[in-house]
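Engineer: sequence and predicted structure are below.
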Amino acid sequence: MIRFIVADLKRLWAGSLVIVLLVACAAALGIAVTLQERALRLGSARAADAFDLVVAAPGSETQIVLASVFLQPSALPLVSGSVLHTLSQDPRVAWAAPVGFGDFYGQIPIVGTTSDLVLQGGKKTLTDGRMFSKRTEAVIGAKVEMALGDIVTPMHGLAHEGGHVHADATYTVVGRAAETGSPWDKAILVPIEGVWHVHGMEGAHGLNLDPHHGEQNETVSIGEPWTADTPGVPAIIVKPKSIGDAYRLRQEYRTASTTAIFPAEVLTRLYATLGDARALLSAVAIGSQILVGAAIALVAVIHVGQKRSQIAALRAFGAPRTSLFIIVWSQLLILTTLGAALGMGLGYAIARLISHLLKAESGVTMPVAFIGSDMRMVIGLIVAASLLALGPAALACRQSVAGALRR
Amino acid sequence: MSDLTLSSVKLCYAGLADPVLDISKLRLDAGSHIAITGASGSGKSSLVNIISGLERASDGKVLWDDVDLCTLSETARERWRAANIGLVLQDFYLFSGLSALENVLLPVRLGRVRFRVEHRKRAEHLLKRVGLARADQPVQTMSRGEMQRVAVARALVTKPKILIADEPTASLDEASGLAVGDLLIELAREEAATLLVVSHDAQLVSRMERRIRLSRGKITETATPEYAA
């Protein structure tokens, strides 16, 4: 019987192929949506891993996360330098690093910070070169296509948004940071003092109050200690010593002049929104699967109709109705199972491709992986198909043999 | 050996005033060779369908020993047909993609009987008997004459008591038709089966022991009148 079923499918290979591809496309759509949403969630959560607590001036929490974790261009109000000073002195804080943005080199964002953030307080090492030690030096992210020794001329804002060049300040690339799977891989990291200098904000922190005399002053010390006169920064990344400290710090820095957020918490809230979008996409995918199911049912009915005389002949030769039922039903089941398997592969490939494109765009690594519930979805699809196939299979057995053989 | 007796058999279809088949009495002796002729629409196929259990008569009795086919359920008729009827049709109904042997064995493979080595041996023997040397030849590569020989072998694989051939030579050339006719007659004799041939082929009809002519559902002529009333 198996030989007959396979030979029959081979004989009708074109129609079989169409059914397999239809099922594959429907399954791939659903799987790609699910996988991609999960990849986005995992990837962005991992990107935010290094950012335990962000202290900034009061404002939109989402905007603060997008700007500080995902380096999306956005003008954040500055938080006073004295906050940075206080935080760096706080015994509950392992390290506190300022981040300053606004400058670009071509499309690459230039982020002012300290070695604490780049090296995660000593937990990470550079893959190449050394850490910046002067205001005019820079470390590039793992995915920046530049070489050690290259010169970076910052431009304020993006060129196509009417940015202007800071021709009076340049950085020399001296090191390359390890990969983080976050947009920071595609950024140029410079000492925060460089950003202050470029924007004429050195103020009390730098040794020289007069920018005209302070230009290219490579002897300026960088990093801590901060003072109460340190210039303002858009955001401060804080590494608390313990989880308890993290919650206490967040509580304390939610004041009129500062806000403190856990990026992970903000992302969770974003995912809830994302989840709604996914529910919608899933509904679309399920809708398409139902349409494909209906199309297959139609194809199956036509197929059984075309094979009417063949099926009738088999019965006339003595094949019982149960055999014919099994033949028609299992053929449809084989086709849908093949389609579902192919769709899984296709959906995975699509999700991988999208993740790859998104990573190229944003720098966020998005891991695409199957989990148990995906199998449930695929099995659900196959079960639904096997139920749908019952109709045509029953039809094949109910027809009148004499009528079908009559010429 | 069992005879088949039809009495007062009528086959009516809804919407048709006259029955498509109306036979008061017909007896088919076991092992006899019978030709059924008549114009198209005369009820030949209906008669064959009733005898093979593919259709149930609206009225009357179709007796096989003590069993009345008209009282059997569809499943029971299905079993009866699988056990007792071998069928050869004008259009062969062989399944391409399968070999000659696989086609011959299909009724066994799809049937309720458990497949045994004897079935394969019998199928191979029958293929040799109908003159086909290559049992593994795919049927789609065969000539029409060869295909009908495969169909004859298939009809006999389950050792049926009644071999029914519905226009077995109509789609064959003269030489092939003659050869298939010979095979049907010889094999029916060898297997001691009743042979029932529906045909327009005068050559084939003339070689049957008995001829029944149908017209508008009724027997109008029979070469051995004592059987018909």
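Structural biologist: Happy to help now that I have it. This is a predicted model, so every value here is computed, not measured.

Engineer: what about the closest residue in space to residue A:183 that isn't next to it in sequence, neighbour count?
Structural biologist: Setting aside the residues directly before and after it, residue A:183 is nearest to residue A:363 in space (Cβ to Cβ, 6 or more residues apart in numbering or on different chains), at 4.0 Å. C-beta: built from backbone N, CA, C; applies to glycine. A count of neighbours around residue A:363, defined by other Cβ atoms under 10 Å in any protein chain shown, yields 23.

Engineer: centre of the chain to stretch B:101-113, how far?
Structural biologist: Centre-to-centre, stretch B:101-113 and its host chain are 17 Å apart (Cα atoms, centre = their mean, to the nearest Å).

Engineer: I figured the residue nearest to residue A:183 was touching residue A:142, is that so?
Structural biologist: No. Applying Cβ atoms under 8 Å, one finds residue A:363 not in contact with residue A:142, separated by 9.1 Å.

Engineer: for whichever residue of the stretch 251-400 of chain A sits closest to chain B, give me its contacts.
Structural biologist: With Cβ to the nearest Cβ as the measure, residue A:318 is the residue of the stretch 251-400 of chain A nearest to chain B, at 3.3 Å. Counting by Cβ atoms under 8 Å, 6 or more residues apart in numbering or on different chains, residue A:318 makes contact with B:78, B:81-83, B:85, B:107, B:110-111, B:158.

Engineer: give me the spatial nearest neighbour of it, chain neighbours excluded.
Structural biologist: Nearest-residue entry for residue A:318: residue B:82, 3.3 Å, with adjacent residues in sequence omitted and distances by Cβ to Cβ, 6+ apart.

Engineer: swap in residue B:223?
Structural biologist: Among residues not flanking residue B:223 along the chain, residue B:211 sits closest, at 4.4 Å (Cβ to Cβ, 6+ apart).

Engineer: which parts of the top helix by length along chain B are buried?
Structural biologist: For chain B, the longest helix by residue count, based on DSSP state H, is helix B:174-190. For helix B:174-190, burial by neighbour count (16 or more other Cβ atoms under 10 Å in any protein chain shown) applies to B:176-181, B:183-185, B:187-188.

Engineer: so what touches the following helix or strand past it?
Structural biologist: Remark: after helix B:174-190, the chain's next helix or strand is strand B:194-198, criterion DSSP states H and E. In this structure, residues lying in contact with strand B:194-198 by Cβ under 8 Å, 6+ apart are B:4, B:28-37, B:44-45, B:47-48, B:51, B:161-168, B:184-185, B:188, B:204-205, B:208.

Engineer: just the buried residues of those.
Structural biologist: Buried subset of the contacts of strand B:194-198 (neighbour count, 16+ other Cβ under 10 Å): B:4, B:28-29, B:31-37, B:44-45, B:47-48, B:51, B:161-168, B:184-185, B:188, B:204-205, B:208.

Engineer: dump the helix or strand of chain B with the lowest mean pLDDT to PDB, restricted to CA.
Structural biologist: Least confident helix or strand, chain B: strand B:218-222 with a mean of 84, by mean pLDDT, DSSP states H and E. Extracted in PDB, the C-alpha atoms of strand B:218-222 (Å, rounded to 0.1, in the frame of the first residue of the first chain):
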ATOM      1  CA  LYS B 218     -34.600  -7.100 -21.100                       C
ATOM      2  CA  ILE B 219     -33.200 -10.400 -22.400                       C
ATOM      3  CA  THR B 220     -34.400 -10.600 -26.000                       C
ATOM      4  CA  GLU B 221     -32.400 -13.500 -27.300                       C
ATOM      5  CA  THR B 222     -30.400 -16.300 -25.900                       C
END
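
Engineer: direction included, what does it pair up with?
Structural biologist: Strand B:218-222 has these partner strands in its sheet, going by DSSP bridges: strand B:210-215 (antiparallel).

Engineer: how many other residues sit next to residue B:104?
Structural biologist: For residue B:104, the neighbour count with other Cβ under 10 Å is 31.

Engineer: measure it to residue B:188 for me?
Structural biologist: In this view, residue B:104 and residue B:188 are 17 Å apart by Cβ to Cβ, to the nearest Å.

Engineer: and what of residue B:153?
Structural biologist: According to Cβ to Cβ, residue B:153 stands 13 Å off from residue B:188.

Engineer: tell me what the residue positioned nearest the centre of chain B is bridged to.
Structural biologist: The centroid of chain B falls nearest to residue B:164 when counting by Cα atoms, centre = their mean (1.1 Å). Listed by DSSP bridges, the beta-bridge partners for residue B:164 are residue B:87, residue B:196.

Engineer: quick one, helices of chain B?
Structural biologist: For chain B, helices defined by DSSP H occupy the ranges B:44-51, B:74-84, B:100-110, B:117-129, B:144-156, B:174-190, B:202-206.

Engineer: mean pLDDT for those helices - can I get that in JSON lines?
Structural biologist: Formatted as JSON lines, the helices of chain B follow (pLDDT from 0 to 100):
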{"stretch": "helix B:44-51", "mean pLDDT": "90"}
{"stretch": "helix B:74-84", "mean pLDDT": "89"}
{"stretch": "helix B:100-110", "mean pLDDT": "91"}
{"stretch": "helix B:117-129", "mean pLDDT": "93"}
{"stretch": "helix B:144-156", "mean pLDDT": "94"}
{"stretch": "helix B:174-190", "mean pLDDT": "93"}
{"stretch": "helix B:202-206", "mean pLDDT": "92"}
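
Engineer: mind putting those in JSON lines, distance to residue A:399 included?
Structural biologist: Formatted as JSON lines, these follow (distance: least, Cβ to Cβ, whole Å):
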{"stretch": "helix B:44-51", "distance to residue A:399": "14"}
{"stretch": "helix B:74-84", "distance to residue A:399": "12"}
{"stretch": "helix B:100-110", "distance to residue A:399": "17"}
{"stretch": "helix B:117-129", "distance to residue A:399": "28"}
{"stretch": "helix B:144-156", "distance to residue A:399": "22"}
{"stretch": "helix B:174-190", "distance to residue A:399": "29"}
{"stretch": "helix B:202-206", "distance to residue A:399": "31"}
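
Engineer: related to what we said a few turns ago, where does the residue nearest to the centre of chain B land on pLDDT?
Structural biologist: The model reports residue B:164 with a pLDDT of 95.

Engineer: got the contact list for it?
Structural biologist: With Cβ under 8 Å, 6+ apart, residue B:164 has these contacts: B:48, B:51-52, B:85-88, B:196, B:198.
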